[in-house]
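Engineer: Task: produce atomic coordinates for the following.
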Amino acid sequence: ARGEIAVKLRRDNTLLVHALHLDQFAVDNFFRKELVKTFPLPPGADVDKIRSIIRNNGVLTIDIPMLRDNDAIRRSHEELLRAMDQPRPQRKNDYVRSVSQANVTDFAQQSLRQEPSTVHKSTGSLANMDHRQHSASFNIADFLQSKFHPTFTPNRKKLTLKVDTR
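Structural biologist: Below you'll find the predicted structure:
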């Protein structure tokens, strides 16, 4: 529902998807469901033009335009795809989390070693978050199991992240 999902740009060149849902049955009886997922921005992302939309079908789409530097675009695509293909070894005290979170965490650690080539924008909520009217209810349980699906436009000028929130 409107206002339950926020997409924020953080100073460490990551996007934070924050979902909060309250089910209130009485004045003092309610359930609070909350989720936070972090996605690293690839080198060459133009953070001043990021746009996010949640559609009627429950899919949150985040469009990240890329800068015109072809080398930066190629490197970011290779790193993102490599990070998604590598399975993460399970540690003894590790808690169960989605495959997408493990891959994103690995990519974030790899990208910390490089000099950021992303244009920085002030931290905070993205002003152009767009909600389509009559959007479906947010299902936090399904979102916890959701997959991270990056796709590239044919002209390789934009990276699109799709998260199924149904």
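
Engineer: Number of residues surrounding Phe39?
Structural biologist: 22 (other C-beta atoms under 10 Å). Quick note: C-beta positions are derived from backbone N, CA and C, even for glycine.

Engineer: Can you name the residues bridging to it?
Structural biologist: Counting by DSSP bridges, Phe39 forms beta bridges with Leu15.

Engineer: So it is in contact with Asn13, correct?
Structural biologist: No: in this structure, Phe39 is not within contact of Asn13 by C-beta atoms under 8 Å, at 10.2 Å.

Engineer: Tell me the helices and strands packed up against whichever strand or helix holds Phe30.
Structural biologist: Assigned by DSSP states H and E, Phe30 belongs to strand 29-40. Packed against strand 29-40 by the contact rule (3 or more C-beta pairs under 8 Å, 6 or more residues apart in numbering; DSSP states H and E) you find strand 14-26, helix 99-112, helix 140-144.

Engineer: Would you mind listing the buried residues in the first one?
Structural biologist: By neighbour count on 16 or more other C-beta atoms under 10 Å, the buried set for strand 14-26 is 14-17, 19, 21.

Engineer: Need the max-distance pair from these.
Structural biologist: Thr14 and His21 (22.6 Å; C-beta to C-beta).

Engineer: for the protein, which spans come out with low pLDDT?
Structural biologist: The model of the chain has pLDDT under 70 over residues 1-3, 68-77, 80, 83-166.

Engineer: What is the neighbour count of Thr12?
Structural biologist: For residue 12 the amino acid is Asp, not Thr. Neighbourhood size, Asp12 [other C-beta under 10 Å]: 14.

Engineer: next one: Lys37
Structural biologist: Neighbour count of Lys37, defined by other C-beta under 10 Å: 19.

Engineer: Same question for Glu79.
Structural biologist: Residues near Glu79, counting by other C-beta under 10 Å: 17.

Engineer: hang on, it packs against Pro40?
Structural biologist: No: counting by C-beta under 8 Å, Glu79 does not reach Pro40; the two are 9.1 Å apart.

Engineer: From Phe30, how far off is Asp48?
Structural biologist: 38 Å (C-beta to C-beta, to the nearest Å).
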